[in-house]
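Visitor: The following comprises the amino acid sequence and a computationally predicted model.
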Amino acid sequence: MRCVAITLLASVLLLTGCDEEQATGRAKLALDLVGLTYEFRDGRHTYNHDRHFTESGGVGLNIVRGKVCVQNGAECVDALVKYRVEASETLVQKGHHVATISAKDTITLHYWIEDDAGNAFQLQKVLLTDGEKTTFE
């Protein structure tokens, strides 16, 4: 009977250790611009898209600040935000666009993140444009 109790206690301790390891992991976030389309509107080259934030590290997170820059970083819009991405899920934000007066430009989307394990990190997505042609850096 004593061996069974020790084995059970050891199993519980091992399981507890695994749970703690998962809780102190780190979120992993990716950003995809989905359905990217181009139009010239109001004197600007406009790139319409949906933003998909996907967490793949198994830790939920909050995006707390966002900054979008055009004209190779010369013109930026910066804001405090509160976007929640649950562990292993995707947050879809529909109907976004970025617009620039330059056909050939480097557009940067930059985000500051805090995950549920207490880690702070940043994510950046760079879009290179040449009129209708777009690539990601």
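Guide: All right, it came through fine.
Visitor: Show me where the chain has its strands.
Guide: For the chain, strands defined by DSSP state E occupy the ranges 29-41, 44-55, 61-70, 75-85, 90-100, 104-115, 120-130, 133-136.
Visitor: Mean neighbour count added to these, as JSON lines?
Guide: All C-beta atoms are positioned from the backbone trio N, CA, C, and that covers glycine. Converted to JSON lines, those look like this (neighbours: other CB atoms under 10 Å):
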{"stretch": "strand 29-41", "mean neighbour count": "14"}
{"stretch": "strand 44-55", "mean neighbour count": "18"}
{"stretch": "strand 61-70", "mean neighbour count": "18"}
{"stretch": "strand 75-85", "mean neighbour count": "12"}
{"stretch": "strand 90-100", "mean neighbour count": "14"}
{"stretch": "strand 104-115", "mean neighbour count": "18"}
{"stretch": "strand 120-130", "mean neighbour count": "14"}
{"stretch": "strand 133-136", "mean neighbour count": "12"}
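Visitor: Reformat those strands as a markdown table; add mean pLDDT.
Guide: Listed next are these as a markdown table, based on pLDDT from 0 to 100:
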| stretch | mean pLDDT |
| --- | --- |
| strand 29-41 | 98 |
| strand 44-55 | 98 |
| strand 61-70 | 98 |
| strand 75-85 | 98 |
| strand 90-100 | 98 |
| strand 104-115 | 98 |
| strand 120-130 | 98 |
| strand 133-136 | 97 |
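Visitor: I'd say N72 and T106 touch.
Guide: Yes. When contacts are counted by CB atoms under 8 Å, N72 is listed as touching T106 (4.9 Å).
Visitor: The nearest residue to D78 once chain neighbours are set aside bridge partners, please.
Guide: Counting by CB to CB, 6 or more residues apart in numbering, D78 lies nearest to K67, which is 4.3 Å off, once chain neighbours are set aside. For K67, the beta-bridge partners under DSSP bridges are D78, H110.
Visitor: For K67, which residues are in contact?
Guide: 76-79, 108-111 (CB atoms under 8 Å, 6 or more residues apart in numbering).
Visitor: Noted, bye for now.
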